[in-house]
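Visitor: sharing a sequence plus its predicted fold:
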Amino acid sequence: MVGEALALASAVFLGLSSALVKNLTPRINAVYLAAIRLFTSALLAVGTAAAVGELAVIARVPLGTVSVLLGAAVIMMIGHVILVKAIELDDVSRVLPVTTGVYILLSVIFSVLLTDDSVSWGTAVGGSVVLGGVYLLSSKHHRGIDQRQQPHYRPGLMALGLAMGTSLAWSIGVMVMDEVVNQVEPISAAAIRMSFMALLLVGITAFTGDIRGRRYSGLDLSVACVSGLLLGASTLTFTSALKWSTPATVVILNSTAPLFVVPIAIIWLHEKVTRQVAVGTVACFAGVVLTSL
């Protein structure tokens, strides 16, 4: 149950982080925003490693494992950047479900094909129920919007393509991390991977002039940093979950992230709680229970 609990915690952090990003995308370049988030996440990961006494462990990680982590970092970094761009192009309540849905599908397929882990009926049924709940929560019907007055209701093809690209990057990354955490402690592995992602993306933004040539408000930068801290917490708990559970189970539970975006809309934006929202919420929790059995 430890792995399942960590995977759910990761979903909470990811949902909150993604919700904060949506408010920033109209004003901050996607690559620069991703750089801020990853840099802050890396600081949290390294700080956590230092707090639990694992910095010395990082220095002893075999070179081959470090190379694998760096390769995974490049793939995951691309995934983070294009996710921010997808959220910029369309609603986070639709981008995130598409991302997590395809992410589940690919991760379960990879888990079955590439590892010795088996997918139980409970996991398969629970994953299907979670996807159904996520679909209900992501639909604009629950916000009382008249689609006839929304000519651009359907997500753009580019946003969908970017979301699916993120799913592919994340599913590859989770399979790599599943192998790595069998050799290296999860916090150390996350610290190495996220530090490289941050350094690479900060270098790109410095080269393109985003760091020097743009001025953003202190509030926007603070929100971006908070989003990064939540992303870092999500990564740490997700990586740790892989130590205690299978990739398929962890990914399915982590896919409940859109569920935690809904309360934000209800509490802060005063959106109406409809029957569809209620059914979607119950379906997500039912799927979580089935997956955890």
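Guide: Cool, the structure landed.

Visitor: quick check: buried residues in stretch 2-12?
Guide: When burial is assessed from 16 or more other Cβ atoms under 10 Å, stretch 2-12 yields the following buried residues: 3-4, 6-12. To be clear about C-beta, it is placed using only N, CA and C from the backbone, and glycine gets the same treatment.

Visitor: okay, these in JSON lines with pLDDT and secondary structure next?
Guide: Shown next, in JSON lines, are the buried residues of stretch 2-12 (pLDDT from 0 to 100; DSSP: H, G, I helix; E, B strand; the rest coil):
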{"residue": "3", "pLDDT": "78", "secondary structure": "helix"}
{"residue": "4", "pLDDT": "80", "secondary structure": "helix"}
{"residue": "6", "pLDDT": "87", "secondary structure": "helix"}
{"residue": "7", "pLDDT": "84", "secondary structure": "helix"}
{"residue": "8", "pLDDT": "85", "secondary structure": "helix"}
{"residue": "9", "pLDDT": "87", "secondary structure": "helix"}
{"residue": "10", "pLDDT": "87", "secondary structure": "helix"}
{"residue": "11", "pLDDT": "85", "secondary structure": "helix"}
{"residue": "12", "pLDDT": "86", "secondary structure": "helix"}
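
Visitor: off-centre distance for stretch 183-197?
Guide: Stretch 183-197 sits 16 Å away from the centroid of its parent chain (Cα atoms, centre = their mean, to the nearest Å).

Visitor: any weak-confidence spans in the stretch 101-250 of the chain?
Guide: Across the stretch 101-250 of the chain, the ranges flagged by pLDDT under 70 are 115-119, 123, 134, 137-157, 208-215, 248.

Visitor: residue 221 contacts residue 33, doesn't it?
Guide: No - using Cβ atoms under 8 Å, residue 221 makes no contact with residue 33, being 9.9 Å away.

Visitor: find the nearest non-adjacent residue to residue 79, please.
Guide: Excluding the flanking residues, the one nearest residue 79 by Cβ to Cβ, 6 or more residues apart in numbering is residue 169, at 3.0 Å.

Visitor: please apply the same query to residue 107.
Guide: residue 251 (4.0 Å).

Visitor: which stretches of the stretch 151-293 of the chain form helices?
Guide: Under the criterion DSSP state H, counting those that start in this stretch, the stretch 151-293 of the chain contains helices at 157-180, 186-208, 210-213, 218-244, 247-254, 257-269, 275-292.

Visitor: just put those in a markdown table and tack on distance to residue 84.
Guide: Formatted as a markdown table, the helices of the stretch 151-293 of the chain follow (distance: least, Cβ to Cβ, whole Å):
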| stretch | distance to residue 84 |
| --- | --- |
| helix 157-180 | 9 |
| helix 186-208 | 11 |
| helix 210-213 | 13 |
| helix 218-244 | 10 |
| helix 247-254 | 18 |
| helix 257-269 | 15 |
| helix 275-292 | 24 |
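
Visitor: tell me the spacing between the residue nearest to residue 223 when sequence neighbours are not counted and residue 221.
Guide: Distances taken as Cβ to Cβ, 6+ apart place residue 20 nearest to residue 223, at 5.6 Å, with adjacent residues excluded. Applying Cβ to Cβ, to the nearest Å, the value for residue 20 to residue 221 is 12 Å.

Visitor: not including adjacent chain positions, what is the nearest residue to residue 252?
Guide: Per Cβ to Cβ, 6+ apart, closest to residue 252 is residue 127, 4.2 Å.

Visitor: quick check: the one you found touching residue 283?
Guide: No - when contacts are counted by Cβ under 8 Å, residue 127 is not listed as touching residue 283 (11.7 Å).

Visitor: more neighbours: these two, which one.
Guide: When residue 127 is set against residue 283 and neighbours are counted by other Cβ atoms under 10 Å, the residue ahead is residue 127, at 25 against 21.

Visitor: so that one is in which element?
Guide: Here residue 127, judged by DSSP states H and E, is contained in helix 121-138.
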